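Engineer: I would like to see how this sequence folds:
(2 chains)
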Amino acid sequence: EAGVAQSPRYKIIEKRQSVAFWCNPISGHATLYWYQQILGQGPKLLIQFQNNGVVDDSQLPKDRFSAERLKGVDSTLKIQPAKLEDSAVYLCASSHLVRGRIDTQYFGPGTRLTVL
Amino acid sequence: KNQVEQSPQSLIILEGKNCTLQCNYTVSPFSNLRWYKQDTGRGPVSLTIMTFSENTKSNGRYTATLDADTKQSSLHITASQLSDSASYICVVSAAATGGFKTIFGAGTRLFVKA
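Structural biologist: Residues are numbered from 1 along each chain as shown, chains lettered A, B, ... in the order given. Have a look, this model is predicted:
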């Protein structure tokens, strides 16, 4: 099966500019996640969607970050305006329930954002 | 507070040697624990997944153990290869309203030298 697709793979912008990332999950996966991974750290969940509804966005900086998953399939994550500390890899993952209880996440390759 | 701590932070071993990575967690209520391998510039890839009732799971040269009483897990790599150089991330899921809450460790960076 095709994996999680993300684009672009790399993005360099100046602070205060806007940027958007795109994610297409594995077909049939109802749950979609966006993570921020700063160099040397583990991924931090930004937002979790179940179909097109938000399940958890408690760690999303809502003053500058926004995400949507229209039609419950692909998703976009936007940063406006970007700050230097937003430099990170943005990972998208999708999952389906296995045996009704296990949340197996499959990750995309990520988008590496550099804010200058 | 739900936390996942991994040790060591980084590790250098010679090709062919074995190594063990540690993961301690304070996540409740526990649902499952996964080990991921993350190559540089790539997304994490799942190696093993264990529920409360499982105390060991193997995937080729990777063997994960789980002690739910002490809330500890380990990932043992046998006969290491250069391609094992990567970050290994321990991830613990807790049951939460609407699904699961997932907590990531910071990872152990493994370097395998020829």
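Engineer: residue 48: neighbour count?
Structural biologist: Since you didn't name a chain, this refers to chain A. A count of neighbours around A:Gln48, defined by other Cβ atoms under 10 Å in any protein chain shown, yields 26. Every C-beta, even on glycine, is put in place using the N, C-alpha and C of the backbone.
Engineer: try again with chain B
Structural biologist: Using other Cβ under 10 Å as the criterion, the residues surrounding B:Thr48 number 20.
Engineer: count of neighbours near the closest residue to A:Gln50 other than its chain neighbours?
Structural biologist: The spatially closest residue to A:Gln50, leaving aside those adjacent along the chain, is A:Thr31, at 5.5 Å (Cβ to Cβ, 6 or more residues apart in numbering or on different chains). By the criterion of other Cβ under 10 Å, A:Thr31 has 19 neighbours.
Engineer: ok, A:Thr31 touching A:Tyr106?
Structural biologist: No. A:Thr31 lies out of contact with A:Tyr106 (Cβ atoms under 8 Å); the separation is 10.5 Å.
Engineer: now do the shared contacts for those two.
Structural biologist: Contact criterion Cβ atoms under 8 Å, 6 or more residues apart in numbering or on different chains; residues shared by A:Thr31 and A:Tyr106: A:Ser94, A:Ser95.
Engineer: test my guess that A:Gln80 contacts A:Ser18.
Structural biologist: Yes. In terms of Cβ under 8 Å, A:Gln80 counts as a neighbour of A:Ser18; the distance is 4.0 Å.
Engineer: chain B contacts on chain A?
Structural biologist: By the rule Cβ under 8 Å from any Cβ of the partner chain, the part of chain A lying against chain B is A:4, A:31, A:40-45, A:48, A:50, A:55-56, A:91, A:93, A:101-110, A:112.
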